[in-house]
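Participant: just coords:
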């Protein structure tokens, strides 16, 4: 089971750091991806990181503003979200993935965290 945390209310232009942790397992075994879903919209795969952290992919909508990374010692994958825009408002969740230009959700995911960008 994966758990995303770190969401909240932030003003446009602000930043948040989201965290993905796992209960009962190690994230090092899997590439991990971040998805988001806004009300009335389909889920969007926005970023992923390979098992070693060297491979990363980003959707065009977040490239240059978001950065994905992983810390094996803390068994955590992070998504640093900078220069946030109102259209980034969504529930963000993490999942095991096939990490490529098209991010494909794998077998494990969990509850998300709400990100709201508003003045």
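Facilitator: Great, that's in hand. If you're wondering where the values come from, they're calculated on a predicted model, not measured in any experiment.
Participant: Strands along this protein, start to end?
Facilitator: Assigned strands in the chain, in chain order: 2-5, 8-10, 16-22, 32-37, 44-49, 56-58, 66-71, 76-81, 90-98, 104-109, 113-117 (criterion: DSSP state E).
Participant: Now stretch 111-118: buried residues?
Facilitator: 112-113, 115, 117 (16 or more other Cβ atoms under 10 Å). Quick note: C-beta positions are derived from backbone N, CA and C, even for glycine.
Participant: Quick check: the farthest pair among those?
Facilitator: Pairwise distances across these (Cβ to Cβ) peak at 15.5 Å, for the pair 112 and 117.
Participant: What average pLDDT does stretch 3-11 get?
Facilitator: Stretch 3-11 comes out with an average pLDDT of 97.
Participant: sorry, that was for stretch 34-42
Facilitator: Rounded mean pLDDT across stretch 34-42 is 96.
Participant: Enumerate every residue touching the nearest residue to residue 106 once chain neighbours are set aside.
Facilitator: Among residues not flanking residue 106 along the chain, residue 96 sits closest, at 3.7 Å (Cβ to Cβ, 6 or more residues apart in numbering). Neighbour list for residue 96: 2, 30-33, 105-109 [criterion: Cβ atoms under 8 Å, 6 or more residues apart in numbering].
Participant: Can you name the residues bridging to residue 81?
Facilitator: residue 16, residue 66 (DSSP bridges).
Participant: Tell me the spacing between the residue minimising distance to the centre of the chain and residue 119.
Facilitator: By Cα atoms, centre = their mean, the mean C-alpha position of the chain lies nearest to residue 34, the distance being 2.9 Å. Separation of residue 34 from residue 119 (Cβ to Cβ, to the nearest Å) stands at 24 Å.
Participant: Number of residues surrounding the residue nearest to residue 58 when sequence neighbours are not counted?
Facilitator: Distances taken as Cβ to Cβ, 6+ apart put residue 47 closest to residue 58, at 5.0 Å, once the chain neighbours are dropped. Residues lying near residue 47 (other Cβ atoms under 10 Å) number 26.
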